[in-house]
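Novice: got a structure for you, letters missing:
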């Protein structure tokens, strides 16, 4: 849970401080976004890795981290650093989306009800990354378009609010009701 | 991705963004709905399995209660119909008028009463032995089963043989009793229903598991017949076998030999078991 808290704190810090610092010192917010993409991916991957039980699903996270790292290296090596990193962000969205679906499936199958934090957090992640996928993909070529920037901010803010609300629900459930695998119910 | 990044026109960008986001959201919500639907289905299936298991347990419990009641009735009948009249007759010989009789008649009455009391003692001993065979208690499962097979062989109606290959250390008394009862029930069924000309029992221990195998050349049942009878209200003896094997955490398997000449019944149970009986 603390990983998610760090992620949320870092996300807010990026929006409030790091973007402005990046703009001030590097004349672009892109550097802050690029750093955020990498840190976001690894924080969420570690969170998902820790939450998942199946060894196959955990292997998927390891492989996806490797794939993402390769894409980031490729993007840095071939692209220009002051452009929006659509390819790593798109790849990140697909990989985190897939891992979140796996976590959601794993948890929901083993629980009779939905009062488990990871169910709500994974739904939040699925909605956020599916909702912003196209936005990030189109950002590289349209980031300097003022109309697009406005849309970008609205869509991103909307999905952030939705996902943060779901994360909050998940965080409430974590302390209220423990994880109750369905196999234990069967034994009882 | 590359195609999407190269869209230049503002209206096209908005269209792609709108429909793309909408499409992704629909996909994501559909996926979540599918997972939830699937979960409901899995839970329903698990509950059905649980219900079936409970139903099976109930059948076994009922069978066990019925068996206990029948056993009580049998003991009550033995005591009432055999021991009761014998003791009443002995009491008649030893009535109040005995002191008024001559010595010879007194001795005759006392001797008759003594014989009747001896018969009653024997009868009660038989009842007690049927509840807990002394051979089993004192000498163990191998001796008790050998004793049972010797008695069957002695009748001359059927050729019965048994061989314990690996029984150096005795099992717990309650485990031995359960195995003996299951074996007894199976042998009784073979004698009653199979018209077999031979019964052969062999025991072995492999991979920390205790095995007893019964072979006979009569009419037998297969595993599917056994499962059918277990689910129906008939076959009290088979249900008792099943409930005892459940206590032993073991399995019973009925099969026909590939040569189609005889039937096999295999009892399999773990060696390290302490049943709560």
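Specialist: Yep, that arrived. Nothing here was measured: the structure is a model prediction, and the numbers come from that model.
Novice: can you classify residue 162 by secondary structure?
Specialist: Picking chain A for this. Following DSSP: H, G, I helix; E, B strand; the rest coil, the label given to residue A:162 is helix.
Novice: sorry, should have said chain B
Specialist: Using three-state DSSP, the structure places residue B:162 in strand.
Novice: for chain B, give me the ranges with low pLDDT.
Specialist: For chain B, residues meeting the criterion pLDDT under 70 lie at B:1-11, B:233, B:273-277.
Novice: got the domain ranges for it?
Specialist: B:1-131, B:133-270 (automatic domain parsing).
Novice: for chain B, what's the nearest residue on chain A?
Specialist: residue A:134 (3.1 Å; C-beta to the nearest C-beta). Just so you know, the C-beta spots here come from the backbone N, C-alpha and C atoms, and that holds for glycine as well.
Novice: wait, isn't that residue in contact with residue B:25?
Specialist: No. With contact defined as C-beta atoms under 8 Å, residue A:134 does not count as touching residue B:25 (10.0 Å).
Novice: the two: which is more packed in?
Specialist: residue A:134 (23 against 16; other C-beta atoms under 10 Å in any protein chain shown).
Novice: who touches the nearest residue to the more buried one once chain neighbours are set aside in this structure?
Specialist: For residue A:134, the nearest residue in space outside its immediate sequence neighbours is residue B:20; the separation is 3.1 Å by C-beta to C-beta, 6 or more residues apart in numbering or on different chains. Residue B:20 makes contact with A:133, A:134, A:137, A:138, B:4, according to C-beta atoms under 8 Å, 6 or more residues apart in numbering or on different chains.
Novice: what helix or strand is residue B:20 on?
Specialist: According to DSSP states H and E, residue B:20 maps onto helix B:10-78.
Novice: next one: that helix to chain centre, how far?
Specialist: Distance of helix B:10-78 from its chain centroid, counting by C-alpha atoms, centre = their mean, to the nearest Å, is 30 Å.
Novice: counting by contacts, list what the next helix or strand after it packs against.
Specialist: Next along the chain after helix B:10-78, taking DSSP H and E as the criterion, comes helix B:84-93. Using 3 or more C-beta pairs under 8 Å, 6 or more residues apart in numbering or on different chains; DSSP states H and E, the elements in contact with helix B:84-93 are helix B:103-131.
Novice: give me the number of residues near residue B:89?
Specialist: By other C-beta under 10 Å, 16 other residues sit near residue B:89.
Novice: is it true that it touches residue B:116?
Specialist: Yes. Counting by C-beta under 8 Å, residue B:116 is a contact partner of residue B:89 at 5.4 Å.
Novice: just the closest of the contacts of residue B:20 to residue B:251, please.
Specialist: residue A:133 (53.2 Å; C-beta to C-beta).
Novice: what helix or strand does that closest one sit in?
Specialist: Using DSSP H and E, the element containing residue A:133 is helix A:117-142.
Novice: now that helix: how far from the chain's centre is it?
Specialist: Helix A:117-142 sits 7 Å away from the centroid of its parent chain (C-alpha atoms, centre = their mean).
Novice: the stretch 101-250 of chain B: strands as residue ranges?
Specialist: Here the stretch 101-250 of chain B has its strands, by DSSP state E, counting those that start in this stretch, at B:159-164, B:198-206, B:209-216.
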